[in-house]
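J.: This is a predicted model, with the sequence first.
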Amino acid sequence: MYADSEFMVRTHAAATLHAHPRMHVVTRHFALETCTWIRQCTAMEMVGSPCSASLSNVHLSGFCFESAAGTLECGHSVGSSDFGLPLRCAPGSKSISLGSTTSPRLLSAGCMDPLDPSYSSLAEVHVPDYCSHGGDFIKGCMFHDALNFDPFAVQPGNCVYYTNGCTSSSALNYNADATDDDGSCIEPIVGCTLQQSALNYDSRANVLGGGCVLAIEGCMDSRALNYNANATFNQDTPCNLPVLGCMMPTLEGSASSCLANLSLAVDGLSVALDPLATVHRSSLCTRYRRGCIDSTALNYDSLATVSDSCYWRVFGCLNPHAANFKCRVNEYQTAPCHHLQPPHVVTQHDRSACHWMADAPAPPQPAPPPLAHGEQMSPSYIRIAFAAAGGNDAANDASCRDEILRRFMALLGVSRSDVSVDAVVQAGSVSYIVRILVTARTAATFEQAVRGALGNSTASAQTFLGCATLLSTPALAVVTSRIQAQESSESTSRILVSVAFAVSIAVIILLSILICARTYTDRRGRVEQEPPAKMQPDVASDVPSTSVSEQPDHYERQPAPRTYPAFDDYGGPWVSTPWAPGPWAPGHKAGSHVLYG
């Protein structure tokens, strides 16, 4: 019995089937076996499960198999395997009730080489892998319809059938298995066969050769940036000549997800992109950096290229718990001033500017009274205020305060009594206020020295102060007070001139008096040196003449009288003035003027 359309082989391992020549009739492609039915398998059993039953007091063993009716039955093939085990019925067996049926089964594979240690007498198809040493055994075509059918072959080999095809070995479609030439041979024609991608395509060629000129699209201008040396034609490719410019994209043109929120971007890519540029030059790009470009602002950014909000030193309340949070000094609000925009945003905290919900708004500060006559404003002290990190370590804050004090003393060369440092501890920070006493003469010099030491930034001020980690840039102000104004230099000059003139007049008068006194003294001295002149009285006198010797003794002890010529009130002699006798002094004679020294 033969079946050319089938060639069935089963193995011991795959099907657990064991064949015996006495159990079946072998054809070239399958074998017949006799299956004895034992019982129906239960739902708990499956294909291949061992099963058994007693029939007519005979105990039978077998395996569950799927019958031709699709049911799960228990049965075994007649006989036993080489190992003394029952054989399983082939799938599709018709045994579904008591008795035995014959059904086709797959051929059993194994080692059929009798000289091999793994030789199996039940094998029907030789498989070299089942042998211990491998090797073919009677290999040949096992299909009898083939031209090279071998009736003795037990190992499948190549079969040759009647085949139409090209039998010319030089043809491109030569078929070595063809037995009849059908005229379909295609002889080779060498040429370019690339129809879509070559410029020299040969429609007759069926073998690629002869050097195809590939159609390579590209720019063929050697000056262009996209010049393609391999290009053979240019139809749709524009040549990009070099154009220098900035090719860095802008924030708006960037697809990066990290730059999606442009409102938060400070540093970006480029301010502007040159759409015509083909060669990038970074020197032609303006890097995007948003910041304050006003050099007078607190947050001035020298690197900024895009203008942003600027903030100046504006004093106000920055305590978030205050009723007027973010409000400016003297701006009495009962709600936070979130509406303020630069340049009115508060940047410097002033505790005195804060008030609370329970406090009534303080009235506006009155204008200072006008200066009284003779008063002027004079520098009193320099005030430096700044906030620094701290407030958690009292000892450290005190040490920092002393260090700040010493640095200002060393900078200005002043004593400890001229500098004071006050520290007000707040939550997480310390507010420092430095006061330096100045005069009108030292105010400008001290202010310039302090500003130079603190610099224009928080970093430079922190370098000078040393111990403090600044939270704000120090605010410096010169505080003035009222003093009695001094006379101007012009008034002082006039007073000095007046005093000098008065002193000169007094000196002249004094010299005049001294000269007059000297002249008077000199004239009196000359008169004393001249002899006395005899003068006659104008009238007769009946007073008897008495000589000096006739005078009483007590008159002799009188000093000798000195006679002078008569002088008028202006120092001249009395030449025309009549003389009248006056009271006589003892010892004087009539007719003479007597002057006692």
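T.: Perfect, thanks for sending it. Numbers count the residues shown, from 1 in each chain.

J.: Helices of the stretch 251-400 of the chain, residue ranges please.
T.: Per DSSP state H, counting those that start in this stretch, the stretch 251-400 of the chain carries helices over the ranges 394-412.

J.: where do the strands sit along it?
T.: 267-270, 279-280, 287-291, 306-307, 315-316, 348-349, 375-389 (DSSP state E, counting those that start in this stretch).

J.: Report the inter-axis angle for the longest one versus helix 394-412.
T.: Just to be clear, that refers to strand 375-389. 140 degrees (axes from the mean of the first three to the mean of the last three CA atoms, to 10 degrees).

J.: Now do the closest residue to residue 117 other than its chain neighbours against residue 466, distance only.
T.: Among residues not flanking residue 117 along the chain, residue 132 sits closest, at 4.7 Å (CB to CB, 6 or more residues apart in numbering). Every C-beta, even on glycine, is put in place using the N, C-alpha and C of the backbone. Using CB to CB, to the nearest Å, we find residue 132 at a distance of 93 Å from residue 466.

J.: what's the answer for residue 239, then?
T.: Residue 239 is 65 Å from residue 466, by CB to CB.

J.: So for the two, which sits in the more crowded spot?
T.: residue 239 (16 against 11; other CB atoms under 10 Å).

J.: helix or strand for that one, which one?
T.: Using DSSP states H and E, no element contains residue 239; it sits outside every helix and strand.

J.: show me the contacts for it.
T.: When contacts are counted by CB atoms under 8 Å, 6 or more residues apart in numbering, residue 239 touches 219, 220, 221, 223, 224, 226, 227.

J.: Next, count neighbours for the fifth one.
T.: When you say that, I think you mean residue 224. 17.

J.: Of all the strands of the stretch 251-400 of the chain, which one is nearest residue 114?
T.: Distance to residue 114, taken as CB to CB, is lowest for strand 279-280 among the strands of the stretch 251-400 of the chain, at 83.9 Å.

J.: what packs against that closest one?
T.: strand 244-245 (3 or more CB pairs under 8 Å, 6 or more residues apart in numbering; DSSP states H and E).

J.: let's see it at 7 Å
T.: Based on contacts counted as 3 or more CB pairs under 7 Å, 6 or more residues apart in numbering; DSSP states H and E, there is no element that strand 279-280 packs against.

J.: List the strands paired with it, with their directions.
T.: strand 244-245 (parallel) (DSSP bridges).

J.: Tell me which residues are up against the strand it pairs with.
T.: 274, 276, 277, 279, 281, 284 (CB atoms under 7 Å, 6 or more residues apart in numbering).

J.: Repeat that for stretch 403-412.
T.: Contacts for stretch 403-412 (CB under 7 Å, 6+ apart): 416, 419, 421, 432, 434, 436, 446, 449, 453, 464-468.

J.: what do you get for stretch 513-520?
T.: For stretch 513-520, contacts defined as CB under 7 Å, 6+ apart pick out no residues.

J.: so how far is that stretch from its chain's centroid?
T.: Relative to its chain's centre, stretch 513-520 lies at 98 Å (CA atoms, centre = their mean, to the nearest Å).

J.: need the contact list for residue 218.
T.: 228, 231, 234, 237.

J.: Number of residues surrounding the third one?
T.: This means residue 234. Residue 234: 15 surrounding residues under other CB under 10 Å.

J.: swap in the last one?
T.: Number of residues near residue 237 (other CB under 10 Å) recorded here: 15.

J.: ok so, going back, which one of the contacts of residue 218 sits closest to residue 170?
T.: residue 231 (38.9 Å).

J.: quick revisit: tell me which of the strands of the stretch 251-400 of the chain sits nearest to residue 115.
T.: Per CB to CB, nearest to residue 115 of the strands of the stretch 251-400 of the chain: strand 279-280, 81.5 Å.

J.: Is the closest residue to residue 443 other than its chain neighbours bridged to anything, and to what?
T.: Nearest residue to residue 443, sequence neighbours excluded (CB to CB, 6+ apart): residue 379, at 3.6 Å. Beta bridges link residue 379 to residue 480 when assigned by DSSP bridges.

J.: Just to check, residue 379 is in contact with residue 481?
T.: No. Using CB atoms under 7 Å, residue 379 makes no contact with residue 481, being 8.2 Å away.
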